[in-house]
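sequence and predicted model, in that order:
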Amino acid sequence: MNKLFFILIGLLFTMLSCNSNRTQSQENQENPESQDNKAAVYESNNPLDVAFGDPFIVYDDESDTYYMYGTGGVKNGFMAYSSKDLKTWEKREQVYSADQEKSWGTKDFWAPEVYKRNGKYYMFYSAHWKNNPNNELENYKIGVAVADNPLGPFEDMTGEPLFDPGYPIIDANVYFAEDGKLYLYYSRCCYKHAVESEIADWAREKKMFNEIEESWIYGVELSADFASVIGEPVLLLRPPVSMDDQQAEWESRSVTSGEVNRRWTEGSYLFKHNDTYYMMYSANFFGGQHYAVGYATASSPLGPFEKSAANPILQKNTESGGIVSGTGHNSLLQDREGKMWCVYHGRTSKTGDERLVFLDELELAENGELKVNGPTIKE
């Protein structure tokens, strides 16, 4: 009799425990902000205490550490920061300096991106080329430096830019394709690149600007050793020609606001999801409030690309009561847990004109549409 009693009591406790677990699971699904799920709710730490433009973060699995690179922090070179949690960042030493034997750049060291390949770390960056017989004001090219670890020192590979397409270029981004091919994406500078369009006609009629210069995004195959390009660059993205184009309003704000006579398409970042290639890019003046991010999609790495009707997916929030503007030149990071982050710079009315780093979650909807949950600010 006693044995049967204890068996029945044990069964009762088992049923109660199972019911409790099921109820808690249902609560977590229906209320993701319940106590057990609070750790999964993102709390913004923006802006980070990192004064970088054009930020790029790489996760190094060997050291289980995140390393951030960007424009600024040191003259004629690049600094790095490191973090274990993406919130607290430690300023590290200078990782690249133009004061080296193979340096080809003289100033304006911009937009570094670092990739690990075959045990080495490769930094792609933009700078003003010292080979400048015509004394061009914007003689920008892209170079590659290599190091044995994420903190350098990075040494230039060849002593000259990666290639010279015959016009100034910036903002290198590299894509590693599944078939083993490599692709380089970059932006042709606005400098001496006046383009006729309905926006240019409008600016002349308004007596605002006599011409409108534009930057365009190109792609080209990259050699396996990062030492050269293969074939001719392909034009992938440019500002709209027609004012009826649904992208024209947001991509032309630097012009229509009277800020400057240039329209940018720059800061590209390519990734693939399922069978679709996504190219994120920035438009408008990087030093102004209208800098914003959009994206385009294609079925191959070199396009043709079609811009999303959802653009822009990241922009200033000052017109809706926020304090963030100048949001742009983004990259993406997949953290150690697999979450995707949009890494970009912006400004706030509290911090002034200095560009600071922001991290906000990137969502990819079932219909393939991208969404950046930002800009957010730490409460």
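Received the coordinates, thanks.

next, the buried residues of stretch 271-279.
The neighbour-count check on stretch 271-279 (16 or more other CB atoms under 10 Å) flags 271, 277-279 as buried. (Each C-beta comes from the backbone N, C-alpha and C, glycine too.)

just put those in JSON lines and tack on pLDDT and distance to H290.
Putting those into JSON lines (pLDDT from 0 to 100; distance: CB to CB, whole Å) gives the following:
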{"residue": "F271", "pLDDT": "98", "distance to H290": "25"}
{"residue": "Y277", "pLDDT": "98", "distance to H290": "27"}
{"residue": "Y278", "pLDDT": "98", "distance to H290": "23"}
{"residue": "M279", "pLDDT": "99", "distance to H290": "20"}
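
which one of these sits closest to F358?
Nearest to F358 among the buried residues of stretch 271-279: F271, at 18.8 Å, using CB to CB.

tell me how the chain divides into domains.
1-41, 52-372 (automatic domain parsing).

take those and write them to CSV, including distance to K378.
Shown next, in CSV, are these (distance: least, CB to CB, whole Å):
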stretch, distance to K378
domain 1-41, 14
domain 52-372, 10
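
mean pLDDT lowest for which of those domains?
Within the domains of the chain, confidence is poorest for domain 1-41, with a mean of 38 (mean pLDDT).

what's the first helix or strand after the biggest strand by length in the chain?
In the chain, taking DSSP state E as the definition, the longest strand is strand 352-364. Following strand 352-364 in sequence order, the next helix or strand is strand 370-372 (DSSP states H and E).

and that following strand, which residues are buried?
Result for strand 370-372 [16+ other CB under 10 Å]: buried residues 370, 372.

quick one: strands adjacent to that strand?
strand 352-364 (antiparallel) (DSSP bridges).

follow-up on the earlier one: farthest pair within the buried residues of stretch 271-279?
F271 and M279 (8.5 Å).

all helices of the chain, in order?
Ranges of helices in the chain, per DSSP state H, are 2-30, 198-205, 248-251, 253-256.

list of residues touching the second one?
Looking back up the chat, that one is helix 198-205. With contact meaning CB atoms under 8 Å, 6 or more residues apart in numbering, helix 198-205 is reached by 194, 209-212, 239-243, 248, 252, 255-256, 261, 263.

can you redo the buried residues of stretch 271-279 as a markdown table with distance to R117?
What follows is the buried residues of stretch 271-279, written out as a markdown table (distance: CB to CB, whole Å):
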| residue | distance to R117 |
| --- | --- |
| F271 | 17 |
| Y277 | 21 |
| Y278 | 22 |
| M279 | 22 |
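
from memory Q247 sits against G294, does it?
Yes. With contact defined as CB atoms under 8 Å, Q247 reaches G294; the gap is 7.2 Å.

what's the overlap in contacts for the two?
Common neighbours of Q247 and G294 (criterion: CB under 8 Å, 6+ apart): 307, 311.

neighbour count: these two, which is higher?
Applying other CB atoms under 10 Å to Q247 and G294 shows that G294 carries more neighbours, namely 24 against 19.

look up the closest residue to the more buried one, ignoring the ones flanking it.
N311 (3.4 Å; CB to CB, 6 or more residues apart in numbering).

how many residues are close by the residue nearest to V324 when sequence neighbours are not counted?
Spatial nearest neighbour of V324, chain neighbours left out: P375 (4.1 Å); criterion: CB to CB, 6+ apart. For P375, the neighbour count with other CB under 10 Å is 24.
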